[in-house]
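**Student:** fold the following and give me the result.
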Amino acid sequence: MASDVFDQLVALLNDANANFRVIEHEAEGKSEAISVIRGNRPDQAAKAMVLDVRGGGGGKRPVLAILPGNRKLDFNAVASLFEARKCGFASPETAQELTGCVMGAVPPFALNPALAVVVDEDLLANETLFFNAGRLDRSMELDTKDWLTVAKPRIAKIASRV
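**Tutor:** Model (predicted):
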């Protein structure tokens with residue numbers, strides 16, 4: 001399944017004529033460690049987290065939150081953004097079902113239409129983003145403008161300093 005996600009990403013980015021490169025490396029899923037391996041600053045890493053947002057008028061919905069690798073998610077900010085009462089991490093099983101990836105390999109793209117995408121505005125200060133590409137042993141570097149064009153995220157303040 002994971003290589004399917006990687007192949008889908010490559011096809012998606014090629015179809016969009018996006019400026020990206022694939023980085024092959026040892027398998028790693030932790031943001032801090034993978035940034036060292038890839039040689040990028042932690043704030044350039046697009047950390048993707050699958051969330052369950054529930055309550056309010058929308059019932060329950062899955063959200064893919066993207067934030068800088070050196071930040072923590074502000075659950076209350078995400079809940080507010082989606083006019084929900086609560087926000088928490090989706091179970092590992094649900095996250096894998098929605099993304100086709102194991103935890104630590106989720107890219108910052110909603111290849112599943114059920115996922116809403118929201119990005120922390122501070123991540124967009126980078127010219128390029130680094131992220132896991134559906135596999136623990138593959139990453140990508142992508143122009144931020146191209147990511148915005150392809151991913152079409154909602155932009156908000158959803159992260160706090162570590």
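
**Student:** now do the same contact list for Leu51.
**Tutor:** Going by Cβ atoms under 8 Å, 6 or more residues apart in numbering, Leu51 touches Pro62, Val63, Leu64, Ala65, Leu73, Phe75, Val78, Cys87, Gly88, Phe89, Ala90. In this view, the C-beta of every residue, glycine as well, is placed from N, C-alpha and C.

**Student:** any figure for the gap between it and Gly88?
**Tutor:** 7 Å (Cβ to Cβ, to the nearest Å).

**Student:** mutual contacts of those two, please.
**Tutor:** Joint contacts of Leu51 and Gly88 (Cβ under 8 Å, 6+ apart) are Phe75.

**Student:** buried among the contacts of Leu51? Need that as a selection in PyMOL.
**Tutor:** The buried subset of the contacts of Leu51, as determined by 16 or more other Cβ atoms under 10 Å, is captured in PyMOL by this line:
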select buried, resi 62+63+64+65+73+75+78+87+90
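
**Student:** including distance to Arg38 and pLDDT, could the contacts of Leu51 go into CSV?
**Tutor:** Shown next, in CSV, are those (distance: Cβ to Cβ, whole Å; pLDDT from 0 to 100):
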residue, distance to Arg38, pLDDT
Pro62, 27, 95
Val63, 26, 97
Leu64, 21, 98
Ala65, 21, 98
Leu73, 21, 97
Phe75, 27, 96
Val78, 26, 96
Cys87, 29, 95
Gly88, 29, 95
Phe89, 24, 96
Ala90, 26, 95
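
**Student:** reformat the contacts of Leu51 as TSV; add secondary structure.
**Tutor:** Putting the contacts of Leu51 into TSV (DSSP: H, G, I helix; E, B strand; the rest coil) gives the following:
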residue	secondary structure
Pro62	strand
Val63	strand
Leu64	strand
Ala65	strand
Leu73	strand
Phe75	helix
Val78	helix
Cys87	strand
Gly88	strand
Phe89	strand
Ala90	coil
